[in-house]
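Asks: just the structure for this:
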Amino acid sequence: MGLKIHLLGPPTLIKEGHVIRPHSAKVVALLAYLILEADRHHSREKLATLLWGESLDTRARASLRQGLYSLRQTLGNLADACLELEEGAVVFNLHQDLWVDVLELRTLAALDTTDVDRLRRAAQLYQGALLEGLMLPDSPTFEEWLFFRRDTLEQQALQTLYTLVEQLIRQGTPQEALPFAQRLVTLWNHSMKGLTST
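Replies: Alright, predicted model coming up:
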């Protein structure tokens, strides 16, 4: 029984064909952070500061405990395999029954860049910015982390689309390249707009 997690575009969790709704936006943020920073120890203090830094220390730690409890509920039967809760730290372990679009995109992008099928799959995975629509103005440390992660993934998507268009044209299929070229231009304009507004 696997869990599919879409973090590109509006975050969506799917289990057995049904959408799972986590307790709050901060639980989604915590899950995304732990997945993208997996296989390493995160002190509870750091995680509490990351998402509840505006609260008093004791309240932030209590919020983290509640968030981790909600996260276990969200992960269901994968909770024990994925989530190690130590006294002072949290470790997230990736599992074969856990599919995450960002991780799949990373894998595909690292493979042979002339393989059109892989490039097409990678391009289709990029459905929008990381955690699109999720904003946590009371968590500036998380927002900063998210800003840089979004930028890295957007650049990766731009490179993927550019290479895919190039390969399709080289193969003599410009009509197939056209929709990807249009997506490339749209994403490029969005990227440039983001640069001028910062």
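
Asks: can you pull the contacts of the closest residue to S55 other than its chain neighbours?
Replies: Counting by C-beta to C-beta, 6 or more residues apart in numbering, S63 is the residue found nearest to S55 once chain neighbours are left out, at 6.4 Å. Quick note: C-beta positions are derived from backbone N, CA and C, even for glycine. Contact partners of S63, counting by C-beta atoms under 8 Å, 6 or more residues apart in numbering, are K26, A48, L51, W52, S55.

Asks: turn those residues into CSV, including pLDDT and neighbour count.
Replies: As requested, the contacts of S63 are exported to CSV (pLDDT from 0 to 100; neighbours: other C-beta atoms under 10 Å):
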residue, pLDDT, neighbour count
K26, 96, 22
A48, 94, 21
L51, 95, 23
W52, 93, 24
S55, 73, 17
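
Asks: which among those residues gets closest to T12?
Replies: K26 (16.8 Å; C-beta to C-beta).

Asks: got the contact list for the closest one?
Replies: L51, W52, S63, G67, L136, S139.

Asks: what's the first helix or strand after the helix or strand where it lies?
Replies: Element membership of K26 [criterion: DSSP states H and E] is helix 25-36. Downstream of helix 25-36, the next assigned helix or strand under DSSP H and E is strand 41-43.

Asks: got a list of contacts for that following strand?
Replies: Contacts to strand 41-43, defined as C-beta under 8 Å, 6+ apart, come from residues L34, E86, G88, A89, V90, V91, F92.

Asks: packing partners of the least confident helix or strand in the chain by mean pLDDT?
Replies: When the helices and strands of the chain are scored by mean pLDDT, DSSP states H and E, helix 174-197 comes last with a mean of 85. Other helices and strands packing on helix 174-197, by 3 or more C-beta pairs under 8 Å, 6 or more residues apart in numbering; DSSP states H and E, are helix 140-170.

Asks: flag every buried residue along stretch 90-110.
Replies: Using 16 or more other C-beta atoms under 10 Å as the burial criterion, the residues of stretch 90-110 that qualify are V90, F92, H95, L98, V100, D101, V102, L103, L105, R106, L108, A109.

Asks: residues contacting the fourth one?
Replies: With contact set as C-beta under 8 Å, 6+ apart, L98 has these partners: G2, L3, I5, L78, C82.

Asks: out of those residues, which comes closest to A157?
Replies: Nearest to A157 among these is I5, at 17.9 Å by C-beta to C-beta.

Asks: ok, back up a step: among the contacts of strand 41-43, which are in strands?
Replies: Among those, the ones falling in strands (DSSP state E) are A89, V90, V91, F92.

Asks: element containing I14?
Replies: strand 12-15.

Asks: need the buried ones from the contacts of L98 selected in PyMOL.
Replies: Here is the PyMOL command that picks out the buried ones among these, judged by 16+ other C-beta under 10 Å:
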select buried, resi 3+5+78+82
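
Asks: can I get the helix holding K26 as PDB, trimmed to CA atoms?
Replies: Output of helix 25-36 as PDB, limited to C-alpha atoms (Å, rounded to 0.1, in the frame of the first residue of the first chain):
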ATOM      1  CA  ALA A  25      -0.500  23.600   6.000                       C
ATOM      2  CA  LYS A  26       2.400  23.300   8.500                       C
ATOM      3  CA  VAL A  27       2.100  19.500   8.500                       C
ATOM      4  CA  VAL A  28       2.400  19.600   4.700                       C
ATOM      5  CA  ALA A  29       5.400  21.900   5.000                       C
ATOM      6  CA  LEU A  30       7.000  19.600   7.600                       C
ATOM      7  CA  LEU A  31       6.500  16.600   5.400                       C
ATOM      8  CA  ALA A  32       8.000  18.300   2.400                       C
ATOM      9  CA  TYR A  33      11.000  19.600   4.300                       C
ATOM     10  CA  LEU A  34      11.700  16.100   5.800                       C
ATOM     11  CA  ILE A  35      11.400  14.400   2.400                       C
ATOM     12  CA  LEU A  36      13.700  16.900   0.600                       C
END
